[in-house]
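1. Just to be clear, the model below is a prediction. Sequence and coordinates:
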Amino acid sequence: MNPHPLDNPIWESLASRHRSLALRQHDAARYPPDVAPFLGVPADGIDATASLEALVPHGDTVLLLGRAPAEAEGWRLQQLALLAQMVCPTRIAEVDGPELIELTEVHRADVLALTALVYPHYFRPRTVELGRYFGIYQDGRLAAMIGERMGMDEYTEISAVCTHPDFNGRAYARRLMAWLSNDVLDRGLTPFLHVSHENRRAKELYERNGYRIRRDIPFWSLRRTDSNA
């Protein structure tokens, strides 16, 4: 049986939709550090040391989903959590609200300021190159945003769902989630996302918007700890 692409989303995304961005060696591939901190390997427990050494500088940390290499001297592999991987198989009810706009290069400073405030761990200066991003402006400020991150032939990951604290309680995230999820479905793709089980507020938001847990998926950090020059 062929493995499901969502069981190894980083590797599959770098091998397909984001092939042009991939930094790749034989047994590993990663996004450029200023795009995303993610790295993938094709299978669990493989010895990918040589490939990793070519991709990960000394002292750097990368993040993996679903599959992880064998532990090796000079590397620290740590499972951070089991995340809920959720999919949205059918259209969901739209939510009325302010105008949505596509975020472009002219909005980059606002995007980086908002993500630095409420989504700081995974958003980098070039993350917006991974897909389309949309936002809601109020009073001249980026109040909420959403975007597309990883993707394969049949799937698109929904990511960076965030609202500025000054605009909480206005259902902006629900509006963005419903609109983008339906747009992805209308394009013949299935939206998916990842969320911590501990982030109950976000998980409940996604469940209210038609997302269902597909599986728990392991989430790791891998740090290069050797000190060889």
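-> Looks like it arrived, so ask away. Residues are numbered from 1 along each chain as shown.
2. make it CA atoms for all contacts and neighbour counts henceforth
-> Fine.
3. any idea where the strands of this protein begin and end?
-> Taking DSSP state E to define them, one finds strands in the chain at 23-25, 28-30, 39-40, 61-65, 75-87, 101-102, 133-138, 141-151, 155-163, 190-196, 212-224.
4. Can you tell me which of those is most buried?
-> Of all those, strand 39-40 has the most neighbours on average by mean count of other Cα atoms under 10 Å, namely a mean of 28.
5. Could you list every helix and strand in contact with it?
-> On a contact count with 3 or more Cα pairs under 8 Å, 6 or more residues apart in numbering; DSSP states H and E, strand 39-40 meets helix 9-15, strand 28-30, strand 61-65.
6. can you list contacts of the shortest one?
-> Right, the one you point to is strand 28-30. Identification of contacts with strand 28-30 by Cα atoms under 8 Å, 6 or more residues apart in numbering yields 11, 14, 22-24, 37-42, 48, 51-52, 55.
7. max-length helix in this structure?
-> helix 172-186 (DSSP state H).
8. hmm, who's touching that one?
-> Residues from elsewhere that reach helix 172-186 (Cα under 8 Å, 6+ apart): 88-97, 100, 134-136, 144-146, 156, 158, 161-163, 190-191, 205, 209.
9. the domain parsing of this structure - what is it?
-> Taking automatic domain parsing as the reference, the chain has its domains at 5-82+218-224, 86-215.
10. What's the end-to-end length of the last one?
-> The first and last residues of domain 86-215 sit 7 Å apart, counting by Cα to Cα, to the nearest Å.
11. Which of the helices and strands in the protein ranks last by mean pLDDT?
-> Lowest on mean pLDDT, DSSP states H and E among the helices and strands of the chain sits helix 200-208, with a mean of 91.
12. Now that helix: buried residues?
-> Buried residues in helix 200-208, counted by 16 or more other Cα atoms under 10 Å: 202-203, 206.
13. Output the strands of the chain as a markdown table; include the columns mean pLDDT.
-> A markdown table is the format used below for the strands of the chain (pLDDT from 0 to 100):
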| stretch | mean pLDDT |
| --- | --- |
| strand 23-25 | 96 |
| strand 28-30 | 98 |
| strand 39-40 | 98 |
| strand 61-65 | 98 |
| strand 75-87 | 97 |
| strand 101-102 | 98 |
| strand 133-138 | 98 |
| strand 141-151 | 97 |
| strand 155-163 | 96 |
| strand 190-196 | 97 |
| strand 212-224 | 97 |
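14. Looking at these, which is nearest to Leu117?
-> Nearest to Leu117, of all those, is strand 155-163, at 9.6 Å by Cα to Cα.
15. What strands line up against the closest one, and which way round?
-> When pairing is defined by DSSP bridges, strand 155-163 lines up against strand 141-151 (antiparallel), strand 190-196 (parallel).
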